[in-house]
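Q: I'd like to go over a predicted model; first the sequence, then the structure.
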Amino acid sequence: MDYFRKYLSSQQGGVQPTGAETVERLCDRASSSTLLDDRRDAVRALKALSKKFRVEVGTRAMDILVRVLETDRSDAEITGYALDTLCHIMSDEATDDDEDAPNVPGDLGAQFTEIFIKKTDNVTLLLSLLAEYDFHILWPTVRLLTVILTNKCKDVQDMILVSPMGVSKLMDLLSESREIIRNDALLLLIQLVKNNANIQKIVAFENAFERLLEIITQEGSSDGGIVVEDCLLLLLNLLRNNSSNQNFFRESSCIKYLTPFFDVDNIQQQSQGGWSAQKVTNIHLMLQLVRTLVSPNNPQQLTSTCQKNMHSCGLLQQLCAILMASGVPADVLTETINTVSEVIRGSQQNQEYFASVMAPSNPPRPAIVVLLMSMVNEKQPFSLRCAVLYCFQSFLYRNEVGQSQIVQTLLPTSVDANTISAGQLLCGGLFSPDSLSNWFAAVALLHAILGNITQKEQLLRVQLATSLGNPPVTLLQQCCNILAQGGRFQTRIGLLMLLSTWLADSPIAVSHFLYNTSNVPYMISQVSASDVEENESLVHGLCAFILGICVRFNDDQNETFTMASLRQVIERRIGLETFTDKLNQVPKHECYTRAIKNPHINYKQPSESVFDHEFTKLFKKLEGEVLNALSTSREQSKKQIPSLKEHESIVTQYKDLIQEQDQQLQELRQQLEEMKVNHNAASSQVEKLGQQVQQLKDQNALLKVQKGSHADIRKDEEIKNLNEEIISLKTQLAEKDSSIEKLKTALAVLEVRVPAQDMSGEEDKENNPPSELEVLQTTMNRLNTDLYHVRVQLAEKESLVSKMETERNEAHQQLEDLKESRESSAADSDLANQKIASLTANVTRLTEEKNSLQDRIKKSNEENLNLLDKIKKLEEDKDRLAGEKLDLQGELDTVKKEQEDLLVLLADQDNKIDKYKARLRELGQEVEDDDDDEELDNEDVGDEGEADEEDN
């Protein structure tokens with residue numbers, strides 16, 4: 001600031017210059033001064049003015065500052081000043097100086113950023129500065145890149161993506177020993193990977209997962225500070241909506257490193273002293289990370305594999321322990337329940353484990369019962385109740401055993417008066433005065449019978465005691481009674497969804513529903529009502545849906561409401577057009593659209609709880625069937641009214657048919673008489689044949705003693721061919737093992753060469769990224785796993801072949817016995833033929849499985865060839881780099897020789913100077929001594945050292 005003060009002091013007594021004039025003169029000084037010190041002072045002054053006069057500095061000094069970065073980058077101080085100035089003018093963060101300039105637009109930084117990145121060389125220049133080690137250059141460069149990525153993310157991402165080794169340079173910052181640079185590099189990478197799948201993949205293959213998890217561990221895991229939060233945000237950006245990175249994360253065995261983050265003992269110790277806000281944030285982000293890996297929106301195979309890994313590494317056990325721990329904040333508990341829900345959703349192994357989790361209460365209760373107690377408790381937070389319902393739905397998703405267990409708790413035989421069961425809680429919530437509890441309980445019961453006809457029939461057996469002295473009523477009828485009484489909107493919607501799911505695909509449930517004659521009139525009155533309120537239109541639409549289900553799945557067991565009578569009632573009392581309009585109102589509603597998108601219950605307010613995700617899928621499936629059932633009946637009724645002429649033609653056809661049948665009947669009587677005569681003759685022949693058969697049996701018994709049973713030649717040939725093919729497969733596997741061993745040897749040699757090449761210089765690192773070798777190693781491991789599975793399958797096939805041989809021998813033995821007695825026992829012969837056919841089918845299936853194994857071996861061989869090609873290319877690159885290294889070594893030797901020649905010349909020159917000095921002294925001339933020269937040299941060196949100290 002010395003120059004700036006000197007400049008202002010010269011204006012005393014005159015007019016004070018404006019900010020724009022000061023910036024203009026400083027820019028002239030920075031661009032035209034020949035001395036580095038003057039340029040440095042000018043840039044330092046611009047930095048001081050850049051916050052207060054952003055517009056002036058940005059418009060006049062940006063090109064000058066870029067030029068300083070290009071020409072004066074050897075000076076760390078002026079380079080740092082220039083970078084800081086650019087960062088100030090492009091950043092839109094609010095500062096105290098912004099209050100003095102109220103007319104500055106809010107997106108001024110974005111505008112300057114757009115001007116800056118119009119020249120792609122500017123971004124490349126910043127990336128090149130990342131190679132500098134000096135703190136005053138590296139740190140401002142990282143902050144400036146973060147600012148321009150924040151302002152113009154997409155454009156800057158494209159520039160970094162095409163820049164050679166651009167992403168790799170940024171990833172190297174994570175290994176920086178200076179924490180302030182590493183921490184700002186995390187913020188930079190968070191902005192870099194946003195919504196860009198290509199950059200996300202590159203960053204992931206640069207060992208980002210291992211580095212970030214290592215930093216998280218070093219910083220204290222869940223007890224860490226803001227650095228842990230930044231690492232988790234970066235991991236979330238890398239994994240969210242990127243199945244490739246999710247699969248790579250799983251294959252890298254990174255899931256097991258998440259388990260220590262949820263250490264229960266550590267959490268309980270922390271709960272005694274209270275949870276810090278940072279710890280809550282870290283736990284939330286880690287739970288979101290787990291949910292990202294098992295999200296229902298991910299591919300099914302990836303989700304199921306991650307669920308298995310989470311169970312095997314103990315992560316699910318840790319999450320369930322947090323559920324049952326005390327002192328956990330409500331928001332953390334809610335997110336943990338949502339996470340457990342998605343970890344167990346659709347996974348039978350995880351669902352069985354969750355069913356076995358017991359709460360640490362006295363007496364111990366199942367965890368599912370404790371969670372349901374929270375769901376039906378209206379005093380609990382709404383988000384927590386939604387999370388419990390989602391967990392209950394996930395527990396029953398594709399889990400028929402779990403559905404059976406829940407329904408059994410509702411049946412009278414399974415009720416224990418001393419314990420609280422899930423069925424008691426659901427019934428209590430279903431008939432609670434709280435409408436939200438009614439909705440939660442109805443949706444939970446809906447999932448207990450969804451897609452399970454057996455449990456729908458079992459639920460019909462549930463009896464409820466309504467009041468003292470009155471007989472019990474069924475659960476189905478009690479739901480209809482509550483529905484007929486009116487009530488709040490959510491109560492009616494929940495009951496209608498439960499009834500729709502209960503009646504769908506279950507004719508027995510439909511019969512029970514129609515048995516009460518008041519149910520159908522109530523539904524018709526609701527559908528035919530003309531209320532225009534939005535919520536009531538949904539109730540009318542669901543009532544129409546239930547009537548349509550009663551038509552679609554009616555088995556005509558109820559004489560009062562048969563399929564035909566219900567169709568007539570709908571056509572006369574409601575009308576098909578009105579019925580269709582009411583039904584179509586449901587999928588048009590906003591709540592229906594929101595619910596069908598995602599199974600996760602993510603409602604912000606209780607009023608948003610209207611539809612369930614699985615119910616919307618059921619409605620979408622059956623809506624067309626219901627309409628088709630009604631329209632088809634109408635068309636068929638029209639077709640069943642033939643004209644009078646059609647009746648006459650039909651009667652004539654029947655008369656002709658009767659005459660033909662009379663003639664056939666007379667012919668058949670004649671044939672019957674003939675058959676009786678033939679039957680008597682055949683009976684006598686049968687007696688004779690029976691005697692002959694007995695003689696043959698005796699003879700055959702003697703032959704069995706003399707001869708053994710002979711095998712079927714054709715079957716022996718098939719078994720022999722299968723054995724030969726198995727031997728061939730074993731040979732191919734042996735060859736494959738040898739090729740894999742060769743690949744392993746080549747890969748080991750390659751891994752030894754890579755570190756050697758890395759020591760040769762920075763250029764070798766850029767031309768040989770380590771990620772390709774890691775991909776090869778991963779592929780090799782996968783091939784070994786496939787080979788192991790193939791060997792196991794071959795062993796199974798060999799055992800199956802031996803078993804088939806035994807069965808074949810037994811079948812042939814039975815065949816010989818059946819042939820001996822074929823004239824007397826035809827039924828036994830048919831049985832043997834069926835067994836032979838079954839044996840032939842098994843042999844055919846075994847042949848097909850053998851062909852499938854051959855195809856898998858062929859694919860594995862192709863993958864091996866691809867790996868050999870990659871290794872060959874890598875070896876060629878290594879040879880090329882080795883040649884370049886030899887060339888550089890030769891150039892280095894040449895330079896060394898030239899230096900030695902120069903030293904020799906200098907030594908000769910010194911000798912000549914000494915001779916000339918001696919000659920001058922002989923001639924009487926005065927000559928300075930060498931000591932004086934050395935003193936002068938030492939003074940020059942001292943002056944230079946003092947100048948360096950002042951610069952530092």
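A: Everything's here; your move. Just so it is clear, the structure is predicted and the values come from calculations on it, not from any experiment.
Q: measure stretch 445-461 end to end?
A: End-to-end distance for stretch 445-461, by C-alpha to C-alpha, to the nearest Å: 15 Å.
Q: what comes up buried for it?
A: 445-452, 455-456, 458-460 (16 or more other C-beta atoms under 10 Å). The way it works is simple: take the backbone N, C-alpha and C, and place the C-beta from them, glycine included.
Q: swap in stretch 278-288?
A: Counting neighbours by 16+ other C-beta under 10 Å, stretch 278-288 gives 279, 280, 281, 282, 283, 284, 285, 286, 287, 288 as buried.
Q: and the fifth one, how far is that from residue 602?
A: As for residue 283, its distance to residue 602 is 19 Å (criterion: C-beta to C-beta, to the nearest Å).
Q: now, the most widely separated pair of the buried residues of stretch 445-461?
A: Across the buried residues of stretch 445-461, the longest distance by C-beta to C-beta is 17.6 Å; it joins 447 and 460.
Q: Quickly name whichever of the buried residues of stretch 278-288 is closest to residue 926.
A: Distances from residue 926 to these, taken by C-beta to C-beta, are shortest for residue 282, at 82.3 Å.
Q: Dump whatever helix or strand the closest one lives in to CSV, restricted to CA.
A: Residue 282 belongs to helix 277-293 when assigned by DSSP states H and E. Written as CSV, here are the backbone C-alpha positions of helix 277-293 (Å, rounded to 0.1, in the frame of the first residue of the first chain):
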residue,chain,number,x,y,z
ALA,A,277,-25.6,-29.8,15.8
GLN,A,278,-22.6,-30.9,13.7
LYS,A,279,-22.9,-34.5,14.8
VAL,A,280,-26.6,-34.5,13.9
THR,A,281,-25.8,-33.2,10.5
ASN,A,282,-23.0,-35.8,10.0
ILE,A,283,-25.4,-38.6,11.0
HIS,A,284,-28.1,-37.3,8.7
LEU,A,285,-25.7,-37.2,5.7
MET,A,286,-24.3,-40.7,6.3
LEU,A,287,-27.8,-42.1,6.6
GLN,A,288,-28.7,-40.4,3.3
LEU,A,289,-25.5,-42.0,1.8
VAL,A,290,-26.8,-45.5,2.9
ARG,A,291,-30.2,-44.7,1.5
THR,A,292,-28.7,-43.7,-1.8
LEU,A,293,-27.2,-47.2,-2.2
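Q: Quick check: what element follows that helix along the chain?
A: Sequence order places helix 300-312 as the next helix or strand after helix 277-293, per DSSP H and E.
Q: can you give me the mean pLDDT across whichever helix or strand comes after that next one?
A: With elements assigned by DSSP H and E, the helix or strand that comes after helix 300-312 is helix 315-324. Helix 315-324 carries an average pLDDT of 93.
Q: Please apply the same query to stretch 856-863.
A: 71.
Q: Tell me the confidence at the closest residue to residue 297 other than its chain neighbours?
A: Spatial nearest neighbour of residue 297, excluding adjacent residues (C-beta to C-beta, 6 or more residues apart in numbering): residue 598 at 7.3 Å. With respect to pLDDT, residue 598 scores 89.
Q: again with the one 10 residues further on
A: The confidence metric pLDDT takes the value 91 at residue 608.
Q: wouldn't it be in contact with residue 591 here?
A: Yes: here residue 608 reaches residue 591: they are 6.8 Å apart, a contact under C-beta atoms under 8 Å.
Q: Counting neighbours, go ahead and name the busier of those two.
A: residue 591 (19 against 16; other C-beta atoms under 10 Å).
Q: so who does the more buried one touch?
A: 538, 608, 610, 611 (C-beta atoms under 8 Å, 6 or more residues apart in numbering).
Q: For the last one, grab the count of nearby residues.
A: Other residues within reach of residue 611, judged by other C-beta under 10 Å, total 23.
Q: What are the contacting residues of stretch 906-915?
A: Counting by C-beta under 8 Å, 6+ apart, no residue sits against stretch 906-915.
Q: Now do that stretch, average pLDDT.
A: What stretch 906-915 shows for mean pLDDT is 83.
Q: May I have it as PDB, with CA atoms only?
A: What follows is stretch 906-915, C-alpha atoms only, in PDB (Å, rounded to 0.1, in the frame of the first residue of the first chain):
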ATOM      1  CA  LEU A 906      37.300 -21.600 -18.100                       C
ATOM      2  CA  ALA A 907      40.300 -23.200 -16.500                       C
ATOM      3  CA  ASP A 908      42.400 -22.400 -19.600                       C
ATOM      4  CA  GLN A 909      41.100 -18.800 -19.600                       C
ATOM      5  CA  ASP A 910      42.100 -18.400 -15.900                       C
ATOM      6  CA  ASN A 911      45.600 -19.600 -16.700                       C
ATOM      7  CA  LYS A 912      46.000 -17.200 -19.500                       C
ATOM      8  CA  ILE A 913      44.700 -14.300 -17.300                       C
ATOM      9  CA  ASP A 914      47.300 -15.200 -14.700                       C
ATOM     10  CA  LYS A 915      50.100 -15.200 -17.300                       C
END
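Q: Return the distance of it from the chain's centre.
A: 79 Å (C-alpha atoms, centre = their mean, to the nearest Å).
Q: and what of stretch 248-265?
A: Distance, stretch centre to chain centre, for stretch 248-265: 16 Å (C-alpha atoms, centre = their mean).
Q: ranges for the strands of the stretch 451-600 of the chain?
A: Counting by DSSP state E, counting those that start in this stretch, one finds strands in the stretch 451-600 of the chain at the ranges 463-464, 473-474.
Q: Tell me which of these sits most buried.
A: Highest mean neighbour count of the strands of the stretch 451-600 of the chain: strand 473-474, a mean of 17 (counted as mean count of other C-beta atoms under 10 Å).
Q: Quick one: the helices in the stretch 851-952 of the chain, in order.
A: Applying DSSP state H, counting those that start in this stretch to the stretch 851-952 of the chain gives helices spanning 930-951.
Q: Any regions of it where pLDDT drops low?
A: Scanning the stretch 851-952 of the chain for pLDDT under 70 picks out 851, 853-854, 860-861, 864, 928-952.
Q: circling back: with distance to residue 434 and pLDDT as new columns, can the buried residues of stretch 278-288 be given to me in JSON lines?
A: Below are the buried residues of stretch 278-288 laid out as JSON lines (distance: C-beta to C-beta, whole Å; pLDDT from 0 to 100):
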{"residue": "279", "distance to residue 434": "34", "pLDDT": "91"}
{"residue": "280", "distance to residue 434": "29", "pLDDT": "92"}
{"residue": "281", "distance to residue 434": "33", "pLDDT": "94"}
{"residue": "282", "distance to residue 434": "35", "pLDDT": "93"}
{"residue": "283", "distance to residue 434": "31", "pLDDT": "94"}
{"residue": "284", "distance to residue 434": "29", "pLDDT": "95"}
{"residue": "285", "distance to residue 434": "34", "pLDDT": "95"}
{"residue": "286", "distance to residue 434": "34", "pLDDT": "95"}
{"residue": "287", "distance to residue 434": "29", "pLDDT": "96"}
{"residue": "288", "distance to residue 434": "31", "pLDDT": "96"}
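Q: Right, I'll leave it there.
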